[in-house]
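Colleague: Here you go, sequence then predicted model.
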Amino acid sequence: QVQVVESGGGLVQAGGSLRLSCQASGRTFSSMGWFRQAPGKKREFVAAIRWSPTSTLYTDSGKDRFTISRDNAKNTVYLQMNSLTPEDTAVYYCAASVDYRVTSIQSTYDYWGQGTQVTVSS
């Protein structure tokens, strides 16, 4: 059974940092991504990483503040978020794909987690 489980969300003050984790199990994936959905808005791409060869992709608004990384041994992906602003408040979702491409397209991801809430206070 495939499982994608996020953790690490919470409440942080503006300017602070959080690290989200996502562990995928049940099968082998080629890439994983992070997406987020703010209240009243559509879910949007944040970052993605491909296992081999390693490649990363970021949204323009996050590329200078967010870092996606992986731990192969743990089949876990991390999203380090720095200099957070209230506009980063959202539910953050992890997704896993068997597709070799590193992509921001949601339909290319096969499995999704339940999401973890990130709230940034001003």
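Modeller: Now that the structure is in, tell me what you want to look at.

Colleague: Report the contact partners of the residue nearest the centre of the chain.
Modeller: The structure's the chain has its C-alpha centroid closest to Trp34; by Cα atoms, centre = their mean the separation is 2.2 Å. Applying Cβ atoms under 8 Å, 6 or more residues apart in numbering, we find Trp34 in contact with 20, 22, 45-48, 68, 77, 79, 92-95. Placement of C-beta: from N, CA and C, glycine included.

Colleague: What sits closest to it if chain neighbours are left out?
Modeller: Nearest residue to Trp34 in three dimensions, chain neighbours excluded: Val46, at 4.2 Å (Cβ to Cβ, 6 or more residues apart in numbering).

Colleague: What is the subsequent helix or strand relative to the strand or helix carrying that neighbour?
Modeller: For Val46, the element it lies in under DSSP states H and E is strand 44-50. Where DSSP H and E defines the elements, the next helix or strand beyond strand 44-50 is strand 55-58.

Colleague: Show me what the following helix or strand past that following strand is packed against.
Modeller: Counting by DSSP H and E, the element after strand 55-58 in chain order, helix or strand, is strand 66-71. Applying 3 or more Cβ pairs under 8 Å, 6 or more residues apart in numbering; DSSP states H and E, we find strand 66-71 packed against strand 44-50, strand 55-58, strand 76-81.

Colleague: Could you tell me which ranges of this structure sit under the pLDDT cut-off?
Modeller: Nowhere does the chain drop to pLDDT under 70.

Colleague: before we move on, back to that, so which other helices or strands are in contact with the strand holding Val46?
Modeller: Short answer (3+ Cβ pairs under 8 Å, 6+ apart): strand 44-50 packs on strand 31-37, strand 55-58, strand 66-71, strand 76-81.

Colleague: Single out the most deeply packed of the ones you listed.
Modeller: Highest mean neighbour count of the helices and strands packed on strand 44-50: strand 31-37, a mean of 24 (counted as mean count of other Cβ atoms under 10 Å).
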